[in-house]
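In: Structure for this input, please:
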Amino acid sequence: MEKCSFQAVLFDLDGTLTNTLDDIADAMNRTLRRHGLPEWETDAYRYMVGNGPVLLSERAAGSRQDLVPSVLKMYNEDYHAHNAVKTAPYPGIPELLEQLVARRLKLCVYSNKPDADAREVVSHYFPGIAFDLVRGSAPGQPMKPDPAVPLAMARQLGIDPAAFAYLGDTDVDILCAGNAGMRSFGVLWGFRDAAELTKAGAAALLKHPLELLDYIG
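Out: Modelled structure (predicted):
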């Protein structure tokens, strides 16, 4: 991909801006333990997250789908109380954000995690960055890969979707970017691998956050 005149960058949160895997795994495993269900290895959660807490709860509960409503409720409460224990920004992310601010690009975050958790994690770990828009999931709102939220963010900022760089670490993010008409960048420091991101149609793959600057005109 050649350099583009991007005006905005939209980031996924989990696996893209912050490594949240341990806090997610710990919260869900505590929830499963309280329900008498088997726990999962932390690494297994790499392929269980990405589609929001409902699907995460369904996957984690396994054959006990009857317990999903209770698991979901307890997990949401536990994670909300413990979403900043082991989580940390990925190396290079703070520096990238500072560079993008200096270049006056609009910065957005869109996550499938609940809206309150998304906002809390972003504000906690990036207090010095003035993100223009931060959105998580909300009742009645379609989730990734539906493009409704990214397109609404573009309209709110008055920026053509084609002028957005969209960074994510899963096929859900890449598909969402494509559905919204945004340029997709698959990040290789997150929860999934290059094969998944390439198959989903990523326009480019990034091994380190600062590599994004090579594509910004």
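In: mind giving me the domain ranges of the protein?
Out: 8-19+87-215, 21-81 (automatic domain parsing).
In: Of those domains, flag the one that's most buried.
Out: Most buried of the domains of the chain by mean neighbour count (mean count of other CB atoms under 10 Å) is domain 8-19+87-215; its value is a mean of 19. Glycine gets a C-beta too; all of them are placed from N, C-alpha and C.
In: Now it: average pLDDT?
Out: Averaging pLDDT along domain 8-19+87-215 gives 96.
In: for stretch 28-48, same thing?
Out: For stretch 28-48, mean pLDDT rounds to 97.
In: which stretches of this protein form helices?
Out: 21-34, 53-61, 68-81, 93-102, 115-125, 148-157, 171-180, 194-200 (DSSP state H).
In: Could you tell me the per-residue confidence at residue 2?
Out: Here the pLDDT value assigned to residue 2 is 64.
In: So residue 44 versus residue 38, what's the distance?
Out: Note on residue 44: its distance to residue 38, by CB to CB, to the nearest Å, is 11 Å.
In: Just the C-alphas of the longest strand along the chain, formatted as PDB.
Out: Counting by DSSP state E, the longest strand found in the chain is strand 106-114. Coordinates of the C-alpha atoms in strand 106-114 are reproduced here as PDB (Å, rounded to 0.1, in the frame of the first residue of the first chain):
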ATOM      1  CA  LYS A 106      -8.500  12.500  14.500                       C
ATOM      2  CA  LEU A 107      -8.200   9.500  16.800                       C
ATOM      3  CA  CYS A 108     -11.100   7.100  17.500                       C
ATOM      4  CA  VAL A 109     -11.600   3.800  19.300                       C
ATOM      5  CA  TYR A 110     -14.300   1.300  18.600                       C
ATOM      6  CA  SER A 111     -14.500  -1.900  20.700                       C
ATOM      7  CA  ASN A 112     -17.000  -4.700  21.000                       C
ATOM      8  CA  LYS A 113     -16.500  -4.600  24.800                       C
ATOM      9  CA  PRO A 114     -19.200  -2.800  26.800                       C
END
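In: and it, which strands flank it?
Out: In the sheet, strand 106-114 lines up against strand 8-11 (parallel), strand 133-137 (parallel) (DSSP bridges).
In: looking at those strands, which is closest to residue 33?
Out: Proximity to residue 33 (CB to CB) singles out strand 133-137 among the strands paired with strand 106-114, at 25.2 Å.
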